[in-house]
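Participant: From the sequence below, what's the structure:
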Amino acid sequence: MSAVVSSAKVHRWTRASRHAVTASVAVLVGLALLPAILGAGAIDRLTALFVYVIVAAMWNALAGYGGLVSVGQQVFFGLGAYFTVRLAEAGIDPFVAMALASLLVAAVSYPLSRVMLRLKGGEFAIGMWVVSALTHLMVNLDGLIQGETGRSLISLNAYAADTRRDIIYWMALAAMAGLLGGLFALLRSRTGAAIQAIRDNEEAAGSLGIDVARTKRLIFVLAAFGIGVAGALWLASATTFQPKTYFSVQWTAYMIFMVLVGGIGRFEGAILGAVIFFAIETWFGALGVWYLIGLGAVALLFSLFLPLGLWGAIETRFGVSLMPVGYRLDIPSPSRKD
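Facilitator: Okay, the predicted model is just below:
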C-alpha cells in the first residue's frame, strides 16, 4: 500500500486540457480574422455571443466559485453603459470611454462591496436587487438621460459603420479572452483556492488564516468589472441607452440560466451555457413570450434532472476537465501477486 501511495501523482494539467488550451488559442485567432469574411449581421451576432460569455463567466465566478448568489448584477451592466454615455458626452472618444467606464464600475463596486458583503445568503441576493433598482431610479433622474427616453452614443457616428462594427467586435473578443484568461489564472492561484474554500465553509477558511473579507471583495469587484465591460460593449453595439433595458433583472436571469444549464462552479460550464443560450436565442428569440417561457422551462428541467449542468454531467460521467482549476490525484492500481 505504501508503494502505491508513494507512486501517486498530483498534477493540474491533463493531455486533454493541454489540447484544449491549444485549440482555444487557435479558435481565438480564427475569430479575430472573421470580420474580413463574414457580413455585418454575423459580426453583430458574434459580438453578442462574446458579451454572453463574459456575463456568464462573471456570474459563475461570483456565485459558482465565490458562493455569492446575486440577482442584482444588472446594476453593473447598466452602470457600464451609463458611464460610457456620460464620458462620451464629456468629449472623450467613445472607445476610450468604454474602457474608463468599466474601471469606474470597478471603483464604484469596491465601497459597495464593503456594505453588501456584510449580508449573507438570501439577504445578499435580494440586497443586490434592491441596489440595482435604486441605481436605476437615480440614473433616470439624470437630465442627460431624460428618464426612460434614454440617450444614444452619438459620438460613435464619427466612425464609419463598418469600421465601428469591426472595432466593437475585436474589443468584445479581446475583453472575453482577457477576462476568461485572467479569471482562469486567478482561480488556479492561492487566492482562487481561498475563494473556493470560503464558498465551501467560510468559518473554516477563516480559521486557516484566509482573509475572508478581502478575498470576497476581490471576487465581487472582479465580477462587477467584467459585467461593466459587457454593459459598455452592449451599448456600443446597440448605440442606444435606455435605463429600463440595461438595468432589467432579465440580464441576471440570463446569467443564471447560462450558468445553470452549462454547469455552476465549472469554468467550462459558463462558456457552454452561453453558447447554448445564444443558439436558443438565435433560433427561437422571435417567438416572443413563448421564448421566455421556454427558457424558464429549460432551466427548471436542468435544475431537476441535471443539477450539475450539462458540463458537470459530462465531467462526472467521463472525468473530462478541459480547463482544470484544481488538482488531480492519480493513484495507480496496486499490482496483484499470484
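Participant: Tell me where the stretch 151-300 of the chain is predicted with low confidence.
Facilitator: Nowhere does the stretch 151-300 of the chain drop to pLDDT under 70.
Participant: What is the burial count for V21?
Facilitator: V21 has 14 neighbours, counted by other Cβ atoms under 10 Å. All C-beta spots, glycine's among them, are computed from the backbone N, C-alpha and C.
Participant: Please identify the helix or strand for it.
Facilitator: Per DSSP states H and E, V21 falls inside helix 15-33.
Participant: I'd like to check the angle between the helix or strand just after that helix and helix 15-33, please.
Facilitator: Downstream of helix 15-33, the first helix or strand assigned by DSSP H and E is helix 40-59. Helix 40-59 runs at 140 degrees relative to helix 15-33, counting by axes from the mean of the first three to the mean of the last three Cα atoms, to 10 degrees.
Participant: for whichever helix or strand comes after helix 40-59, packing partners?
Facilitator: Using DSSP H and E, the helix or strand that follows helix 40-59 in sequence is helix 74-89. For helix 74-89, the elements it packs on are helix 94-116, helix 121-140, helix 212-238, strand 240-241, helix 243-246, helix 250-262, judged by 3 or more Cβ pairs under 8 Å, 6 or more residues apart in numbering; DSSP states H and E.
Participant: go again using 6 Å as the cut-off
Facilitator: Contacts defined by 3 or more Cβ pairs under 6 Å, 6 or more residues apart in numbering; DSSP states H and E place helix 74-89 against helix 94-116, helix 121-140, helix 212-238, helix 243-246, helix 250-262.
Participant: Reformat those helices as CSV; add distance to F305.
Facilitator: As requested, the helices and strands packed on helix 74-89 are exported to CSV (distance: least, Cβ to Cβ, whole Å):
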stretch, distance to F305
helix 94-116, 33
helix 121-140, 24
helix 212-238, 28
helix 243-246, 33
helix 250-262, 12
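Participant: Throw those into TSV and include mean neighbour count and distance to V85, thanks.
Facilitator: Formatted as TSV, these follow (neighbours: other Cβ atoms under 10 Å; distance: least, Cβ to Cβ, whole Å):
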stretch	mean neighbour count	distance to V85
helix 94-116	19	8
helix 121-140	16	10
helix 212-238	24	7
helix 243-246	20	10
helix 250-262	24	17
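Participant: so G206 is in which element?
Facilitator: helix 202-207.
Participant: count of neighbours near P35?
Facilitator: Neighbour tally, P35, other Cβ under 10 Å: 19.
Participant: Chain neighbours aside, what residue packs nearest to it?
Facilitator: D166 (4.5 Å; Cβ to Cβ, 6 or more residues apart in numbering).
Participant: With A197 instead?
Facilitator: Distances taken as Cβ to Cβ, 6+ apart place A205 nearest to A197, at 4.1 Å, with adjacent residues excluded.
Participant: circling back to that earlier point, so what touches the helix holding V21?
Facilitator: When contacts are defined by Cβ atoms under 6 Å, 6 or more residues apart in numbering, helix 15-33 is touched by residues L173, A177, L322, P324.
Participant: And it, what's buried?
Facilitator: Residues of helix 15-33 classed as buried by neighbour count (16 or more other Cβ atoms under 10 Å): S17, A20, S24, L31.
Participant: what do you get for stretch 87-95?
Facilitator: Residues of stretch 87-95 classed as buried by neighbour count (16+ other Cβ under 10 Å): L87, A88, I92, P94, F95.
Participant: Would you mind measuring from the residue nearest to T240 when sequence neighbours are not counted to A81?
Facilitator: Sequence neighbours aside, S152 is the residue nearest to T240 in space, at 5.0 Å (criterion: Cβ to Cβ, 6+ apart). Between S152 and A81 the distance is 12 Å, computed by Cβ to Cβ, to the nearest Å.
Participant: Who has more neighbours out of these two?
Facilitator: Set S152 next to A81 and count neighbours by other Cβ under 10 Å: A81 wins out with 33 against 15.
Participant: In contact with the more buried one: list those residues for me.
Facilitator: Per Cβ under 6 Å, 6+ apart, neighbours of A81: G231, L235, F241, Y246.
Participant: Between which two of the residues you listed is the distance greatest?
Facilitator: Using Cβ to Cβ, the contacts of A81 reach their maximum pairwise distance at G231 and F241, which is 9.4 Å.
Participant: ok so, going back, between the contacts of A81, which is closest to A193?
Facilitator: Set against A193, the nearest of these by Cβ to Cβ is G231 (30.0 Å).
Participant: So the closest one is in contact with F77, correct?
Facilitator: Yes: counting by Cβ atoms under 6 Å, F77 is a contact partner of G231 at 3.9 Å.
Participant: Taking helix 212-238 as reference, get the angle to the helix or strand containing Y169.
Facilitator: Assigned by DSSP H and E, Y169 belongs to helix 161-187. Between helix 161-187 and helix 212-238, the angle formed by their directions is 170 degrees, by the same axes, to 10 degrees.
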